[in-house]
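Chemist: Got a predicted structure here, sequence first:
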Amino acid sequence: MNIRLSPFIRLSSGASRVAPIRLSSPSLGLRTLVLWALWFGQPSGQAAPITIGVIGDYGSAYLGGASFSNVQAVANLIKSWNPDFIITTGDNNYPDGEASNIDTNIGQFFHEYIHPYVGTFGAGASSNRFWPCIGNHEWPFGVSGLAPYLAYFTLPGNERYYNHRQGPVELFAVVGDQQEPDGATPTSIQAMWLSNALASSTAPWRVVYFHACPYSSSATHGSHTHQADNMLWPFTQWGATAIYTGHNHLYERVLTNGLNYVTIGLGGGRIDGFVTPIAGSLSRYNTTYGAVRLTVTETNFVSDFINIFNEVIDSYTLEFLPARLLLQWNGDLPRIELSGTPGRSYITEVSTNLIDWTPIATNRLASVSTDVLDTGYQGQSARFYRAKSGR
């Protein structure tokens, strides 16, 4: 009798390639273990990445002059990357979120990414590719002041905080301002929504973004002011990949609690100074304007801060290698050697028909590999395995 034990690694739909390996099992006499390593998706060298532009504190074109020119330079930089979509870290519409300024501050630069576009600067997008978050200048005089923002954008959920999935990345826009009706503290209704949304996400990469960062060396709104202490949420435990913020008009990357907190507030307004760097501050910049470019595949997350002179000032890369499964026997039971990225979690699943899959183990790799024993095996004639990304 032949026993087929087949690990699957699903990267994305598309082309496939199959490699068989046959291993005999002395403990099972004539039984033979057949390993089929089945890959879905393009080889990693050919996979098309998703490009995301990140801009913050840019809504000052209404002033004209240098303010307009600065925002235009940042917008041109982002468009030169031909991004799949754009996210903002708030303060989209200075000075006070007025309806009279919103199209001048946003639409004249990004109308082709907005759907439905209700402004006058040209055609909008056929589907929305512009995902903003709310800054303090969107509603400085209370919640009612957010009306122009809500009328201008059509966003998911309640349109204040929301999530959106595209390919290997899921975006989570949240509100850091404490006048948010659902709260902006770690135990608020909004925070519980985020915790649940992150827990249920199957995306390899989960980007959370909001306006004011609790970790900042800025002289204006930095950590020493405690203005953003309410956003000290347990993002790492909830499963976020990276945090992007604005409010401080500079660039900084702080690595803390296992997460990169990136402040990108150089969209075209004033530029802020720094105080003594806080613990974990890896990169600081406030010479001129710029934006962040994210380049994302199933297995890589690359964040580049680039100034308007097209100079890469700071960069970091996260990896999530697909699982590799090697099947062997441990007595009369299948033993799966699971290899992948240390520190990452993988879920090993089993099926008898390639349709219905049941998890048998969740492992966070302490090193490059670990063993999973299929104690549920009872001599079935067909047994298939796959591993997918976990939390």
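Modeler: Looks like it came in fine. Numbers count the residues shown, from 1 in each chain.

Chemist: How far does stretch 163-179 stretch from one end to the other?
Modeler: Using C-alpha to C-alpha, to the nearest Å, the end-to-end distance of stretch 163-179 comes to 20 Å.

Chemist: Repeat that for stretch 102-121.
Modeler: 12 Å.

Chemist: Please shift the residue numbers so they start at 32 in all later answers.
Modeler: Understood, numbering begins at 32; the last thing we discussed is stretch 133-152.

Chemist: Need the contact partners of it.
Modeler: Applying C-beta atoms under 8 Å, 6 or more residues apart in numbering, the external contacts of stretch 133-152 come out as 89-93, 102-103, 106, 116-117, 123-125, 153-161, 179-180, 182-185. The way it works is simple: take the backbone N, C-alpha and C, and place the C-beta from them, glycine included.

Chemist: Over to stretch 377-396?
Modeler: By C-beta under 8 Å, 6+ apart, stretch 377-396 touches 37, 354, 356, 367, 369-376, 401, 403, 405-407, 411, 413-421.

Chemist: For PyMOL, write the select line for the buried members of those residues.
Modeler: Here is the PyMOL selection string for the buried members of the contacts of stretch 377-396, based on 16 or more other C-beta atoms under 10 Å:
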select buried, resi 37+354+356+367+369+370+371+372+375+376+401+403+405+414+415+416+417+418+419+420+421
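
Chemist: Narrow the contacts of stretch 377-396 to those in strands?
Modeler: 37, 356, 367, 369-370, 376, 401, 403, 413-420 (DSSP state E).

Chemist: quick check, nearest of those residues to residue 201?
Modeler: Of all the ones in strands among the contacts of stretch 377-396, the one with the least separation from residue 201 (C-beta to C-beta) is residue 420, at 12.2 Å.

Chemist: show me the contacts for residue 183.
Modeler: For residue 183, the contact set (C-beta under 8 Å, 6+ apart) comprises 130, 133, 134, 137, 138, 149, 150.

Chemist: mind listing the strands for the stretch 82-231 of the chain?
Modeler: 116-119, 161-162, 193-197, 200-204 (DSSP state E, counting those that start in this stretch).

Chemist: Reformat the ones you listed as CSV; add mean pLDDT.
Modeler: Shown next, in CSV, are these (pLDDT from 0 to 100):
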stretch, mean pLDDT
strand 116-119, 98
strand 161-162, 98
strand 193-197, 97
strand 200-204, 97
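
Chemist: Columns mean neighbour count and distance to residue 226 on top of the ones you listed, output as JSON lines?
Modeler: Shown next, in JSON lines, are these (neighbours: other C-beta atoms under 10 Å; distance: least, C-beta to C-beta, whole Å):
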{"stretch": "strand 116-119", "mean neighbour count": "24", "distance to residue 226": "20"}
{"stretch": "strand 161-162", "mean neighbour count": "23", "distance to residue 226": "20"}
{"stretch": "strand 193-197", "mean neighbour count": "16", "distance to residue 226": "12"}
{"stretch": "strand 200-204", "mean neighbour count": "23", "distance to residue 226": "10"}
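
Chemist: Format those strands as JSON lines; extra columns: distance to residue 288.
Modeler: Listed next are the strands of the stretch 82-231 of the chain as JSON lines, based on distance: least, C-beta to C-beta, whole Å:
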{"stretch": "strand 116-119", "distance to residue 288": "22"}
{"stretch": "strand 161-162", "distance to residue 288": "25"}
{"stretch": "strand 193-197", "distance to residue 288": "21"}
{"stretch": "strand 200-204", "distance to residue 288": "17"}
